[in-house]
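Visitor: give me the fold of what follows.
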Amino acid sequence: MKRCLFVDDSSVIRKVAKRILGGSDIVVIEAATGLDAIEICSGDMPDVVVVDGGLADMQAADLIRRIRGMDAAVKPQILVSLIEVDVGAIMRAKRAGAQGYLLKPFNRAQLLESFRVLKIAA
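Guide: Numbers count the residues shown, from 1 in each chain. So this is what the prediction gives:
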C-alpha cells in the first residue's frame, strides 16, 4: 500500500485529500507544518509528498530540498500544491526536486488525475 504525506496548514484541504484518496490503495498521512513533515519523513519516508506552496513555517522549495536530502530507501514523488498557477513557484519547486504541481482547491477528478500522471493510483 502506498503512503502519501499531505503537508498543508489547512485542515480542510488535508481532510478533503484524505477522503478522496482514502478509498484507493493509498494511506494518507497529514502534516500541518514543514517541521512536522520533516519529522514524519525522517521517521518513515512516504511514497508521495504533496507540499503546500504557502506554508507559514518554511518555503515549499526549502522543504522539498530537505526531503530530497534525506538518506532514505524510498525516494518520494513530490507535488507542490498552489492556489494559482505561479510559474516562478512551480520552477522553484521543480528545481528543488518536485515532479509537478496541483492547483487547489482540487476536486476528486483533479487529485486522482495528478496521482495517475505520477503512476501512483488509477
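Visitor: looking at this protein, which helix is longest?
Guide: For the chain, the helix with the greatest residue count under DSSP state H is helix 11-22.
Visitor: can you give me the buried ones in whatever helix or strand comes next after that helix?
Guide: Reading on from helix 11-22 to the C-terminus, the next helix or strand found by DSSP states H and E is strand 26-31. Buried residues in strand 26-31, counting neighbours by 16 or more other C-beta atoms under 10 Å, are found at Ile26, Val28, Ile29, Glu30, Ala31. Heads up, the C-betas are built off the backbone N, CA and C, glycines and all.
Visitor: which of those residues scores worst on pLDDT?
Guide: pLDDT across the buried residues of strand 26-31 is lowest for Ile26, at 88.
Visitor: who's it bridged to?
Guide: Beta-bridge pairing of Ile26 under DSSP bridges involves Lys2.
Visitor: thought it was touching Lys2?
Guide: Yes. With contacts counted by C-beta atoms under 8 Å, Ile26 reaches Lys2, the gap being 4.9 Å.
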